[in-house]
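>>> With the input below, show me the fold.
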Amino acid sequence: MSESKYLKGVHYKTKKPIQIYMKNGIIQEISTIDVGPDENLDIISPGLIDLQINGFKGVDFNSNPLDISEWEKITKELAAQGITSFYPTIVTNTFKKLADIFRINSQYLKKGFRLSNLIEGFHLEGPYISKKDGPRGAHDANYVRPPDIDELEKLQDYSHNLIKIVTLSPEWRGADSFIKESAKMGTKIALGHLNASRLEIKKAVNNGALFSTHLGNGTHTELPRHENYLWSQLAEDNLNASVIADGHHIPFDLLKIFNRVKKSKMFLVSDSVALAGKSPGIYETFIGGKVTLTEEKKLHLYQNEKILAGSAKSLVECVEHLANSQICELTESLDKASILPAKVMDLPQKQGLNEGAPADLIKLKYINKHIEVTQTIKEGRVIYSSSCM
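So this is what the prediction gives:
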């Protein structure tokens with residue numbers, strides 16, 4: 001990794017040519033510059049932050065703890081996708097399995113490796129979710145259980161306090177106190193895979209729940225038309241919402257409505273699984289069994305294209321889809337995958353592309369409705385460059 005003191009490009013918001021001076025991992029100065037008519041500069045944007053990612057390019061966070069080579073592989077692959085921060089997502093499982101995953105993974109993170117600074121912490125999705133078919137999604141019903149603050153404290157010990165997000169359903173008795181106690185640990189609470197009432201959702205938000213996990217997914221296939229947990233989450237003004245804008249999980253009209261209602265409180269996650277970034281074909285998976293990955297990067301159960309088996313697109317591809325759908329301009333789409341998730345997690349990257357902000361940046365081209373990441377910079381150091389490939 002090389003330290004990059006100066007960076008030239010086009011500011012993704014102002015559209016003006018700029019030069020950025022970076023030192024000690026911080027943006028020290030941004031100045032506008034003059035460029036020649038033949039000089040073609042890439043766009044400079046804040047680096048992408050993924051709050052929900054289950055795996056990528058054959059690496060799965062949930063089957064077993066990763067070894068050092070797997071950590072190095074996935075961080076390198078994600079850097080090539082413009083990711084400068086992410087939260088490996090661990091889903092519903094037995095206490096022993098979760099404990100082993102957190103214990104062994106956190107040991108590697110504590111020691112550090114080449115790109116370990118990309119990892120902000122873990123996202124625990126479950127096991128405190130709804131047991132109902134539909135809202136439960138692909139989570140194993142045998143391992144779903146009520147919120148247990150003592151269990152979370154033990155898991156936090158195993159993870160060296162790296163569990164930063166817990167997704168749960170507020171329908172459980174004891175969810176209110178769990179949310180309050182989790183906040184004392186510095187753990188952010190998200191609502192997802194739920195079958196909760198309007199009152200239960202409102203109480204959860206009042207107690208500190210920050211966002212909805214992949215809003216519109218992990219639900220019943222049919223809902224009451226007037227009163228249901230989808231509308232209740234949309235109606236909560238203080239509740240942010242993450243969405244999977246991969247072109248498959250959320251139809252265009254619903255994505256447009258979510259954005260109109262939530263506005264700057266809607267942000268993007270990939271929710272990608274290990275098959276993301278792989279070639280089309282038929283695969284056997286740890287969760288879901290036999291699945292089909294299409295040319296369009298739609299991942300569904302084998303011989304049943306109506307049931308999705310996870311997301312197979314990276315976060316930058318979700319940015320691309322949102323921009324190409326014209327629901328948002330590219331600038332806003334990029335914010336929804338960088339600054340806005342940083343605000344939810346209260347990360348310093350929430351300052352965006354400004355002086356004094358962390359030098360977590362990407363350079364990209366946006367040509368013919370396609371985004372190509374050409375460079376990724378973490379704390380002022382180039383960690384990916386397409387010119388070196």
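
>>> Am I right that Asp157 falls within a helix?
Yes: residue state for Asp157 (DSSP: H, G, I helix; E, B strand; the rest coil) corresponds to a helix.

>>> Mind jotting down where the strands sit in the stretch 151-300 of the chain?
All strands of the stretch 151-300 of the chain, identified by DSSP state E, counting those that start in this stretch, fall at 163-168, 188-191, 211-212, 240-243, 266-268, 281-285, 289-293, 298-301.

>>> Touching the second one from outside, list them.
Which is strand 188-191. Outside strand 188-191, the residues within contact range by CB atoms under 8 Å, 6 or more residues apart in numbering are 164-170, 179, 182-183, 201, 204, 208-213, 233, 239, 242, 344-345. In this view, the C-beta of every residue, glycine as well, is placed from N, C-alpha and C.

>>> Any buried residues in stretch 51-59, and which?
Using 16 or more other CB atoms under 10 Å as the burial criterion, the residues of stretch 51-59 that qualify are 51-57, 59.

>>> Let's see which of the residues you listed end up in helices.
Using DSSP state H, no member of the buried residues of stretch 51-59 sits in helices.

>>> Deepest-packed of the strands of the stretch 151-300 of the chain, please.
Stretch with highest mean neighbour count among the strands of the stretch 151-300 of the chain: strand 211-212 (a mean of 29; mean count of other CB atoms under 10 Å).

>>> Packing partners of that one?
For strand 211-212, the packing partners by 3 or more CB pairs under 8 Å, 6 or more residues apart in numbering; DSSP states H and E come out as strand 188-191, strand 240-243.

>>> Partner strands of it, with direction?
Using DSSP bridges, the neighbouring strands of strand 211-212 in the sheet come out as strand 188-191 (parallel), strand 240-243 (parallel).

>>> What average pLDDT does the first one get?
Yep, that's strand 188-191 we're talking about. Mean pLDDT, computed over strand 188-191, is 98.

>>> just the last one next, same as before
Along strand 240-243, the predicted local confidence has a mean pLDDT of 98.

>>> next one: stretch 84-95
Stretch 84-95 carries an average pLDDT of 97.

>>> Only C-alpha atoms, please: export it in PDB.
Taking Å, rounded to 0.1, in the frame of the first residue of the first chain, the C-alpha atoms of stretch 84-95 are listed here in PDB:
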ATOM      1  CA  THR A  84     -13.400   1.400   2.400                       C
ATOM      2  CA  SER A  85     -15.400   0.200   5.400                       C
ATOM      3  CA  PHE A  86     -17.700  -2.800   6.000                       C
ATOM      4  CA  TYR A  87     -19.400  -4.800   8.700                       C
ATOM      5  CA  PRO A  88     -19.200  -8.600   8.100                       C
ATOM      6  CA  THR A  89     -22.700 -10.000   8.800                       C
ATOM      7  CA  ILE A  90     -23.200 -13.100  10.900                       C
ATOM      8  CA  VAL A  91     -26.700 -14.600  10.900                       C
ATOM      9  CA  THR A  92     -28.900 -16.700  13.200                       C
ATOM     10  CA  ASN A  93     -27.100 -19.800  14.600                       C
ATOM     11  CA  THR A  94     -26.500 -21.700  17.800                       C
ATOM     12  CA  PHE A  95     -24.700 -19.800  20.600                       C
END
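
>>> show me where pLDDT drops low in this protein?
Along the chain, the model assigns pLDDT under 70 to residues 1-4, 286-288, 389.

>>> do that again at 50, thanks
Applying pLDDT under 50 to the predicted model, the chain contains no residue that meets it.

>>> show me what contacts the spatially closest residue to Ala274 that is not a sequence neighbour?
Leaving aside its chain neighbours, Ala274 sits nearest to Gly55 (3.4 Å; criterion: CB to CB, 6 or more residues apart in numbering). Listed by CB under 8 Å, 6+ apart, the contact partners of Gly55 are 61-62, 74, 272-276.

>>> Taking the buried residues of stretch 51-59 together, which two end up most distant?
Distance extremes for these: the farthest pair is Leu51 and Lys57 at 19.1 Å, using CB to CB.

>>> quick revisit: with the buried residues of stretch 51-59 in mind, which one is nearest to Lys306?
Ranked by distance to Lys306 (CB to CB), the buried residues of stretch 51-59 are led by Asn54 at 21.0 Å.
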